[in-house]
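Trainee: Generate coordinates for the sequence data below:
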Amino acid sequence: MYPSGVSAAPDIYAYLDYRKYLDDWFAHKKATNPRFSHRLFARKAGHKNPSLLLLVTQGKRNLSPTNVAGFARAIGLTGDERRFFGHLVDLGQAGTVDEQNAAWSHISASRRFREARALEGAGFDVISTWYHSALHELARRDDFEADPDWVAKNLRPRISRARAKAALDLLFSLGMLEADEHGRVEPRDVSLATPHEVAGLAARNYHDGMLGLARESITASAREERHLCAVTACIPVSLIPRLKQEFDAFQERILDLCDGADGDREQVIQAHLALFPLSEPPPGAPS
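Mentor: Numbers count the residues shown, from 1 in each chain. Here you go, the predicted model:
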């Protein structure tokens, strides 16, 4: 039982930001026991610095593997909860995209996390992997079959039957594919819930995958099937926001052309625009 007005202890599986979890946990602990302090926590965690927890929650310090174990012990985490906390720390302190994805794979594999944030986890998976969006668009073809073998064969590059089945199941579960009263499967536009803590990672995964396919298309696709454009220019840094606006406007124009096209939907294409620096700006240039 908790004192009147005090809510239950925060559920670690509802978090992706370990610093936020620690902050909420300490606030809850303080509410249940006003005498609990950062100094007492440090002693329980086996650390001499009484301000370590505060510094960590403020983002001023990271946790070493030793401190991860000490913090878990001080909080009272055991078993799967303790491992999950370690993966949250790995996600929050990852230095590379590969490390972030490795930590996310452990987190999203947790049954209790999936139970707590199933829709968000599914949204991350849809955005991260190129063939989910390709499959969603492929369903606009009149001859589309919601069959793993058919999907695997018609995507380019081909994917395995197992991946095709998993993708179909995921899109149906999210309502992105629906069968009408005649059994005809059609795509639906839905809003995906993506954990804000890893939304940037999902977007990076998407673009990384699509840019990889663009690179492969140079040799894998016939010249008449692809069209690659590139320009290199030296510009005022102040022009970059305007260029981004032009890219966004061009994207909207492409979508309007695709949506308004006459005739049957026959092939899924990917149009990818990229703007990135090839040199450092001079000192004092606007950022």
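Trainee: residue nearest the centroid of this protein?
Mentor: The geometric centre of the chain, computed from its C-alpha atoms, lies nearest to residue 202 (Cα atoms, centre = their mean), at 2.8 Å.
Trainee: what's that residue in contact with, if anything?
Mentor: Applying Cβ atoms under 8 Å, 6 or more residues apart in numbering to residue 202 gives the contacts 123-124, 127-128, 194. Any C-beta I mention is one placed from the backbone N, CA and C, and that applies to glycine too.
Trainee: same question, residue 254
Mentor: Counting by Cβ under 8 Å, 6+ apart, residue 254 makes contact with residue 271.
Trainee: circling back: my read is the residue nearest to the centre of the chain is in a strand, agree?
Mentor: No: under DSSP: H, G, I helix; E, B strand; the rest coil, residue 202 sits outside any strand and is assigned helix.
Trainee: coming back round to it: any chance of a markdown table for the contacts of residue 202, columns pLDDT?
Mentor: What follows is the contacts of residue 202, written out as a markdown table (pLDDT from 0 to 100):
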| residue | pLDDT |
| --- | --- |
| 123 | 90 |
| 124 | 91 |
| 127 | 93 |
| 128 | 93 |
| 194 | 83 |
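Trainee: before we move on, the earlier item: quick check: nearest residue in space to the residue nearest to the centre of the chain, chain neighbours excluded?
Mentor: In space, residue 202 comes closest to residue 127 once its chain neighbours are excluded; the distance is 4.2 Å by Cβ to Cβ, 6 or more residues apart in numbering.
Trainee: what helix or strand does the one you found sit in?
Mentor: Using DSSP states H and E, residue 127 sits in helix 118-128.
Trainee: who's in contact with that helix?
Mentor: By Cβ under 8 Å, 6+ apart, the surrounding residues in contact with helix 118-128 are 104, 108, 113-114, 132-133, 170-171, 173-174, 176, 192-195, 198, 201-203, 205-206, 209.
Trainee: ok, now with 7 Å
Mentor: Contact partners of helix 118-128, identified using Cβ atoms under 7 Å, 6 or more residues apart in numbering, comprise 108, 114, 132, 170, 173-174, 192-195, 198, 202-203, 205-206.
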